[in-house]
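1. Fold the following for me, if possible:
(chains A, B, C and D)
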Number of protein chains: 2
Amino acid sequence: MARDDESATGLGQADAGHFIRNGGERCGECPLADCRGLHQHKPEIRDWIGTFRKGEVRYERGDQVFVQGTRPPYLFTVLSGVLMRTRLLEDGRRQIINFMFPGDFIGLQAAVDGEMGHSVEALTSVTLCAFSRTQFFDLVIQQPRLSFDLTWLAAHEEAALEEHIVSLGQRNARERMVALAVFLVQRGLDTGLAPEGILQLTVTQGQIADMLGLSLVHTNRSLQALRRLGLVDWTLTSIRIPNLGEARRFANLDDGPSTPRPYI
Amino acid sequence: MARDDESATGLGQADAGHFIRNGGERCGECPLADCRGLHQHKPEIRDWIGTFRKGEVRYERGDQVFVQGTRPPYLFTVLSGVLMRTRLLEDGRRQIINFMFPGDFIGLQAAVDGEMGHSVEALTSVTLCAFSRTQFFDLVIQQPRLSFDLTWLAAHEEAALEEHIVSLGQRNARERMVALAVFLVQRGLDTGLAPEGILQLTVTQGQIADMLGLSLVHTNRSLQALRRLGLVDWTLTSIRIPNLGEARRFANLDDGPSTPRPYI
DNA sequence: AACAAACCCTGTCATTTGACATAGCCGTGC
DNA sequence: GCACGGCTATGTCAAATGACAGGGTTTGTT
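-> Sure, this is the predicted structure:
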């Protein structure tokens, strides 16, 4: 648990992340291999990816994995845990852009631009699979299949942001909350984090407010209203949706068929 | 100008688009070649792209290029004009997701998924460069450089949506409008559509309202307030920002360095 | 000339959401 | 035990935004 390896990993600019494993060994034991929501690589591609990976990194809840405006040395695939992307305005306002689940790729903007336009913070303990930013496009360009997968992930992240824009632009406070809860529970189901349909995830009301563009107080009242209505029961540590279909109808959501996602 | 070629092009599901030129000839005269905001391909790559293109299509203001929920046969690069992406909810509410300018690629989601999650509508007369959807990934996979460019475009579109999410979540009505105006004028400058810093583009107040998640009436009043303040003069047919720096400060925007964009 | 459509503007009032202040709960550390 | 910090809850009032209704201008059509 010593952190003296931080400077060596170049992760010093962010909080507290440290390598728990080095190099490409053990890609055969990738924890994502038994995630049913993910499309699995053929063994030869998986092993080939392994030659590029730099190891596994661990962060704890509250740690900043990326800091807005910096140039991270590593890009990551989420192996376990949940994170969020946030953007800060100069005057202190904060907007949470999206949440990230196992299989998601972190740092595409940095891969392309060098610099991050947002921060990434761990919401739980997380383990990440690290790739070198400078080597990353060698990896992608040498394997067209991975290039496709990366584009797939980017297009789907774009679709998720679109949905979020629709929420912020067209839905009122309660509808937004239901939409967000459904999104999170669905992703939890797809990634095995919500086994009983209940997502165990610690999200404060302040974070919900910053995601949905609402004040903390109004978020609190709306959450209570949804609890009374029996639509969503969202506490500090878990999200429960008694009737997913009803919740979807309430928020005017179409049921995402949730095709299996690729990962790198 | 006859439209009897529509069924032959398979564009019948959308409005009124029709081919004005076929095949890959004349890529050497691409109208994007002298757009200073774009990164130009080397001639051999440009010619190679030409072998894949199916021709040029033209649409008029108000035409639907893609319809939400359908599987378009073509994907496009914008050669001239401006379009918008919109999403409809079942109950009729509409959210405008983003605007598209020359050089932008239309249909990435369709390329990856087959089906469109949003519609695309022309805001001016537009000409588009058409590629076959089914051939598209051959194109991208055979040229790693294009694969990189596509990922670049996807990552930057994602960044633009992030900025829009920040607007909707954190900014009030006036700040949102200023942010949108600055974004549009900046893109106009980059693509040569706003030569004097004034973007000639017909956007109704109803469209602004649907982009910013505001009511039509409130949009009207806020626009007038901004006009009185001398921050943004936005009429039906043009957007003028007397002082770009001041406008940026007002809306808490950081000045985008606007790196040259690639296109395909 | 008459009409309709699309757009912009204004007035009045209702609803949603935010601001501020305060209190309670529950861990943690001393 | 006590103080503290982080989080959730409530009350009251204010500000932002939306709803509805109506009028005006321009443009195109018959």
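
2. Sheet partners, orientation included, of the helix or strand encompassing residue A:55?
-> In this assignment (DSSP states H and E), residue A:55 forms part of strand A:53-59. Applying DSSP bridges to the sheet, strand A:53-59 is found paired with strand A:18-22 (antiparallel), strand A:126-132 (antiparallel).

3. what residues are up against the residue nearest the centre of chain A?
-> Most central in chain A under Cα atoms, centre = their mean is residue A:100, positioned 0.6 Å from the mean C-alpha point. By Cβ atoms under 8 Å, 6 or more residues apart in numbering or on different chains, residue A:100 lies in contact with A:78, A:82, A:83, A:84, A:85, A:106, A:120. C-beta coordinates here come from the backbone N, C-alpha and C atoms, glycine included.

4. just those residues now: which is nearest residue B:232?
-> residue A:85 (29.3 Å; Cβ to Cβ).

5. Neighbours of residue A:63, how many?
-> 17 (other Cβ atoms under 10 Å in any protein chain shown).

6. Kindly report the same for the one 5 residues further on.
-> Burial measure for residue A:68: 15 neighbouring residues, criterion other Cβ under 10 Å.

7. in a strand, that's where it is, yeah?
-> No: under DSSP: H, G, I helix; E, B strand; the rest coil, residue A:68 sits outside any strand and is assigned coil.

8. contacting residues around it?
-> Contacts of residue A:68 (Cβ under 8 Å, 6+ apart): A:86, A:87, A:88, A:116, A:117, A:118, A:119.

9. Over to the fifth one: give its phi and psi.
-> As for residue A:117, its main-chain torsions (degrees, to the nearest 10) stand at phi -90, psi 0.

10. Lowest mean pLDDT among the helices and strands, pick that one out for chain A.
-> helix A:6-9 (a mean of 35; mean pLDDT, DSSP states H and E).

11. At the contact with DNA strand D, which residues of chain A appear?
-> Contact residues (Cβ under 7 Å from any atom of the strand) of chain A with DNA strand D: A:204, A:205, A:206, A:216, A:217, A:220, A:221, A:223, A:224, A:236.

12. Compare those residues and tell me which is most surrounded.
-> Ranking those using other Cβ under 10 Å puts residue A:223 first, with 21 neighbours.

13. That residue reaches residue A:205, doesn't it?
-> Yes: assessed by Cβ atoms under 8 Å, residue A:223 is found in contact with residue A:205 at 6.6 Å.

14. Residue A:172 - how many residues pack around it?
-> By other Cβ under 10 Å, 11 other residues sit near residue A:172.

15. how near is it to residue B:264?
-> 40 Å (Cβ to Cβ, to the nearest Å).

16. show me the contacts for residue A:69.
-> Contacts of residue A:69 (Cβ under 8 Å, 6+ apart): A:115, A:116.

17. Show the model's pLDDT score for it.
-> Here the pLDDT value assigned to residue A:69 is 92.

18. chain center to the strand holding residue A:55, what's the gap?
-> Relative to the centre of its chain, strand A:53-59 is centred 16 Å away, using Cα atoms, centre = their mean, to the nearest Å.

19. tell me which residues of it are tucked away?
-> A:53, A:54, A:55, A:56, A:57, A:58, A:59 (16 or more other Cβ atoms under 10 Å in any protein chain shown).

20. same thing with stretch A:251-262?
-> A:251, A:252, A:253, A:256, A:261, A:262.

21. how about TSV for those residues, with secondary structure added?
-> Listed next are those as TSV, based on three-state DSSP:
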residue	secondary structure
A:251	coil
A:252	coil
A:253	coil
A:256	coil
A:261	strand
A:262	coil
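
22. List just the nearest of those to residue A:37.
-> residue A:261 (6.4 Å).

23. Check what pLDDT that closest one gets.
-> Residue A:261 is given a pLDDT of 92.

24. try residue A:45
-> 87.

25. Please look at residue A:75 and residue A:111 and confirm they touch.
-> Yes: the pair residue A:75 / residue A:111 is scored as a contact, 5.6 Å apart, by Cβ under 8 Å.

26. Overlap of the contact sets of those two?
-> Counting by Cβ under 8 Å, 6+ apart, the residues touching both residue A:75 and residue A:111 are A:133, A:136.

27. So those two - more neighbours on which side?
-> Between residue A:75 and residue A:111, counted using other Cβ under 10 Å, the more crowded position is residue A:75 (25 against 22).

28. So for the host helix or strand of that one, mean pLDDT?
-> For residue A:75, the element it lies in under DSSP H and E is strand A:74-80. Averaged across strand A:74-80, the pLDDT comes to 96.

29. Contacts made by that strand with the rest, please.
-> Residues from elsewhere that reach strand A:74-80 (Cβ under 8 Å, 6+ apart): A:9-11, A:30-32, A:54, A:56-57, A:65, A:100-108, A:110-111, A:125-133, A:136, A:263-264.

30. C-terminal to it, what's the next element?
-> strand A:83-88.

31. Relative to the following helix or strand past that following strand, what are the paired strands and their orientations?
-> On the C-terminal side of strand A:83-88, the closest following helix or strand by DSSP H and E is strand A:94-100. In the sheet, strand A:94-100 lines up against strand A:83-88 (antiparallel) (DSSP bridges).
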